[in-house]
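>>> below are the sequence and a predicted model for it; my questions follow.
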Amino acid sequence: MDQSSIYKAVISVNNGTQIESSSENSFINCTSSEITGLAQTVCKKFNNLINLLYIGRPKKGIPNFLKVNDYKYLSYWLLHEFNINNVKFSDISDKFYNNIKDNYNNFFSKESIKSAVEKIQPMNFEDMEILDNLYKTYSEFYTIFSSGTQDIEESCNKYTQGCHDSYELGIQKCSDKSSELYKALQSFKETYENSFKFPDIGEICDSIKLKELRSYDEIKRSSTELITENDKNNMFTPVFAPTVGVLGTLIIFYKDHGYVIP
């Protein structure tokens, strides 16, 4: 499933779009006595999100339509929702998983979402925010491009720059290439650069600004060079400033005592 479709469903859920979940189409039993309070609220939102994706899926497709990267984003969204509602997911995870139906219509897999959550869970809240901003920006870019509205070139440039900025911010926070944040960012990089294959995108968007995201090594290298340059400037300033101060003091001293400065 393309990332834009997922994010459109997320926007619908966040805007309060509700789907009455009968026993026939419910993926999670959110009204179970095991899931209560704010955890139940999050559960219902997640259930509605999966329902929206299921309803909007292509009628002809492979059985397990949700891909690995889809589960990664869904797991991020789920943890993010629990986080902002001050619910510690580790406290209710077993109860949550126990109420997910196994491979409902071969569309949603409990084991797949569980595996994705285990990989994403070590990430901190700021990392999750970076990923959310990335996919939000990309989704808005895709929506505008697909709609063919006016001022599309200006919007295209705005959102592609937003993707570059958020991506590079994320890379700066990566400790190394083994981190889950790095893997998630590389997944986004692949999704973003695949958009260059859209028909006529080179004619609509500024081809100069429509460029590949820089690699991890390039970003880290330029960051190191900038830090080195700043360090040099900082070393120069403390030495230079006292020198100016001493010179000024000497000038005042000589003037007050009637000496002539050669």
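The structure has been received and is ready for your questions.
>>> use CA for all of it now, contacts and neighbours both
OK.
>>> tell me who's in contact with the residue nearest the centre of the chain.
With distances taken as C-alpha atoms, centre = their mean, the residue of the chain nearest its centroid is Leu131 (1.0 Å). Shown in contact with Leu131 (C-alpha atoms under 8 Å, 6 or more residues apart in numbering): 170, 184-185.
>>> do the same with Met123
180-181.
>>> against Asn99, how distant is it?
According to C-alpha to C-alpha, to the nearest Å, Met123 stands 25 Å off from Asn99.
>>> in the protein, which spans are helices?
Applying DSSP state H to the chain gives helices spanning 3-14, 37-55, 68-84, 89-98, 110-120, 125-147, 152-173, 180-194, 201-204, 216-256.
>>> export the ones you listed as TSV, with columns for mean pLDDT and distance to Ile28.
What follows is the helices of the chain, written out as TSV (pLDDT from 0 to 100; distance: least, C-alpha to C-alpha, whole Å):
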stretch	mean pLDDT	distance to Ile28
helix 3-14	79	16
helix 37-55	90	6
helix 68-84	88	13
helix 89-98	93	8
helix 110-120	90	10
helix 125-147	80	24
helix 152-173	86	33
helix 180-194	88	26
helix 201-204	70	40
helix 216-256	55	39
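>>> can you list the domain ranges for this structure.
Listed by automatic domain parsing, the domain ranges of the chain are 3-121, 126-214, 216-262.
>>> got a list of what the nearest residue to Val117 once chain neighbours are set aside touches?
Ranked by C-alpha to C-alpha, 6 or more residues apart in numbering and with sequence neighbours excluded, the top spatial neighbour of Val117 is Ser75, at 5.0 Å. Neighbour list for Ser75: 113, 116-117, 120 [criterion: C-alpha under 8 Å, 6+ apart].
>>> if we use 10 Å, what do you get?
Neighbouring residues of Ser75 by C-alpha atoms under 10 Å, 6 or more residues apart in numbering: 46, 69, 81, 112-121.
>>> and which of these is nearest to Glu154?
Closest to Glu154 out of these is Asn69 (29.5 Å), distances taken as C-alpha to C-alpha.
>>> dump the helices of the chain to a markdown table, plus distance to Phe27.
Formatted as a markdown table, the helices of the chain follow (distance: least, C-alpha to C-alpha, whole Å):
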| stretch | distance to Phe27 |
| --- | --- |
| helix 3-14 | 15 |
| helix 37-55 | 6 |
| helix 68-84 | 14 |
| helix 89-98 | 11 |
| helix 110-120 | 10 |
| helix 125-147 | 24 |
| helix 152-173 | 33 |
| helix 180-194 | 26 |
| helix 201-204 | 38 |
| helix 216-256 | 38 |
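>>> so which of the ones you listed is nearest Leu210?
Nearest of these to Leu210, taken as C-alpha to C-alpha: helix 152-173 at 6.8 Å.
>>> the inter-axis angle of that closest one versus helix 180-194?
160 degrees (axes from the mean of the first three to the mean of the last three C-alpha atoms, to 10 degrees).
>>> other SSEs contacting helix 152-173?
helix 125-147, helix 180-194, helix 201-204, helix 216-256 (3 or more C-alpha pairs under 10 Å, 6 or more residues apart in numbering; DSSP states H and E).
>>> make a ChimeraX selection of the buried ones in the contacts of Ser75.
Burial among these is assessed by 16 or more other C-alpha atoms under 10 Å; the matching ChimeraX selection reads:
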select :46,69,81,112,113,116,117,119,120,121
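>>> which one of the contacts of Ser75 sits closest to Tyr138?
Checking these against Tyr138 by C-alpha to C-alpha gives Asn69 as the nearest, at 15.0 Å.
>>> just give me the neighbour total for the nearest residue in space to the closest one that is not next to it in sequence.
Spatial nearest neighbour of Asn69, excluding adjacent residues (C-alpha to C-alpha, 6+ apart): Ser187 at 7.3 Å. When neighbours are defined as other C-alpha atoms under 10 Å, Ser187 has 13 of them.
>>> likewise Glu212?
Neighbours around Glu212, by other C-alpha under 10 Å: 13.
>>> distance of it relative to Lys177?
Taken as C-alpha to C-alpha, the span from Glu212 to Lys177 is 19 Å.
>>> I am finished for the moment; much appreciated.
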